[in-house]
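Student: Dropping the sequence and predicted coords here.
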Amino acid sequence: MRYRVPLSLLLLSLLCAGFLQLTSEGGQKVGICYGQMGGNQPPAHEAVELVQSVGIQRMRLYGPDHSALEALKNTGIEVVLGVPNEHLHMLSSGQDGADQWVQEYVKNYQDVKFRYIVVGNGIAPLHAQNSEFAEFLLPAMQNIKNAISASGLQDQIKVTTALDQSEILSQSSPPSAGEFRPDMRDFIDGIINFLVNNNAPLLVNIHPYFSYIYYKDEIPHGLGEPTKWFVNPRLKYALFQQTQSMVRDGSLGYTNVFDAMVDSVYSALEKANGSSLDVVVSEIGWPTAGAADANRKNAAAHNNNLINHVRNNGTPKRPHKSVETYIYSLFDENGKSPEVNKHWGVFWNNKQAKYEISFQG
């Protein structure tokens, strides 16, 4: 008599043998930002070992740190390499400087899997702290792109920049009203044209925590107030804890502020001849101390729910396009200010997790 193996047992055995993978394994990879403005952080090679041990497959570096790049060799981790704002003047002034930069920090690390070169971070012409770099940004991007192309790496590495959603939009609520600031359009339009012509995404830093804490329009005041027994609805909207649409925008409904903030950028791009661009969320997280509602419980809820959301969903405006996302940050950074900016690490600086988190969703 021939024994017939039940289909369920056969599938289970194949899964255990590694021949099949769960659908979630093919979801969007969620990366980590490695901010290094902390004097008590572990050395870079230990940071990279930690990232590998928890299954993180993408890492954003804000600048070309040789120790980190050495540690990232042959790891398979996809690296988003930043060009610091302070380098832009030199890189914009001539091709030779950009060629040398790419040689030193990219070509010399052929065993590192670079994904993007991010020229500048959070630059805006009217920003109180970095407006001085705005005129150098686009020429620096072009020179870095030329150097990447001359190295034959243009099909492997995209050149882009990272902008702050809060600085570049004049309106973001409802998401369909998203629009770039009129007084920045010359600056923004040049960047959009560059990215469209080079088939590169726009990187955007978004921070639901600050939208929540400062009562910004992305989280409507009318969602309700907390009671003795219920969590603040605005907080639940920020932490991906709402299951029903809390914000209606025409035919679209929003259950969380992340989707609303991303779609506000997509709406702005559509109005600026950038509808073909993808948006990458290059920085997002939740602090664990230093201000109201900054604690480990909320950070755990936000970051775990964020990971599950982007691995399995798009936004209402682009439901079939998951959003590439990088969580800020790997460790705390005691070199930052004010106090709340010191406490965004997912891990303590002794490499222990602050709370239970799974980067695999």
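Tutor: Nice, I can see it. Residues are numbered from 1 along each chain as shown.

Student: Sketch out the strands for the stretch 251-361 of the chain, chain order is fine.
Tutor: Ranges of strands in the stretch 251-361 of the chain, per DSSP state E, counting those that start in this stretch, are 252-254, 279-284, 325-328.

Student: could these be laid out in TSV, adding distance to residue 361?
Tutor: Where C-beta positions appear, they are placed from N, C-alpha and C, glycine not excepted. Shown next, in TSV, are the strands of the stretch 251-361 of the chain (distance: least, CB to CB, whole Å):
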stretch	distance to residue 361
strand 252-254	21
strand 279-284	16
strand 325-328	12
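
Student: Could you export those strands as a markdown table, including distance to residue 177 and mean neighbour count?
Tutor: Shown next, in a markdown table, are these (distance: least, CB to CB, whole Å; neighbours: other CB atoms under 10 Å):
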| stretch | distance to residue 177 | mean neighbour count |
| --- | --- | --- |
| strand 252-254 | 12 | 18 |
| strand 279-284 | 17 | 25 |
| strand 325-328 | 23 | 24 |
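
Student: Out of those strands, flag the one nearest residue 219.
Tutor: strand 252-254 (10.3 Å; CB to CB).

Student: Direction included, what does the longest strand along the chain pair against?
Tutor: Scanning the chain for the strand with the most residues, using DSSP state E, yields strand 113-121. Neighbouring strands of strand 113-121 in its sheet, by DSSP bridges, are strand 78-83 (parallel), strand 158-164 (parallel).

Student: what's the least confident helix or strand in this protein, going by average pLDDT?
Tutor: Sorting the helices and strands of the chain by mean pLDDT, DSSP states H and E puts helix 7-17 at the bottom, at a mean of 36.

Student: got the contact list for whatever helix or strand comes next after that one?
Tutor: The helix or strand immediately downstream of helix 7-17 is strand 30-34, counting by DSSP states H and E. Residues from elsewhere that reach strand 30-34 (CB atoms under 8 Å, 6 or more residues apart in numbering): 47, 51, 56-62, 68, 78, 80, 282-283, 285, 306-307, 310-311, 324-331, 346, 359, 361.

Student: How about stretch 328-348?
Tutor: Under CB under 8 Å, 6+ apart, the answer for stretch 328-348 is 32-42, 47, 50-51, 59, 283-291, 294, 299, 303, 327, 349, 353-354, 357.

Student: try 7 Å
Tutor: For stretch 328-348, contacts defined as CB atoms under 7 Å, 6 or more residues apart in numbering pick out 32-35, 37-41, 47, 50, 283-285, 287-291, 294, 303, 327, 349, 353-354, 357.

Student: and if you look at stretch 238-257?
Tutor: Taking CB under 7 Å, 6+ apart as the rule, stretch 238-257 contacts 174-176, 208, 211-212, 218-220, 223, 236-237, 258, 260, 298, 301-302, 305-306, 309, 316-317.

Student: ok, of those, which come out buried?
Tutor: 174-176, 208, 211-212, 218-220, 223, 236-237, 258, 260, 298, 301-302, 306, 309, 316-317 (16 or more other CB atoms under 10 Å).

Student: Spit out the contact partners of residue 204.
Tutor: Contacts of residue 204 by CB under 7 Å, 6+ apart are 162-163, 165, 265, 279, 281-282.

Student: Need the residue closest to the centroid of the chain.
Tutor: Residue closest to the average C-alpha location in the chain (CA atoms, centre = their mean): residue 282, at 2.3 Å.

Student: quick one: that one from residue 205, how far?
Tutor: Counting by CB to CB, to the nearest Å, the separation of residue 282 from residue 205 is 6 Å.

Student: what sits in contact with each of those two?
Tutor: With CB under 7 Å, 6+ apart, residue 282 and residue 205 have common neighbours residue 162.
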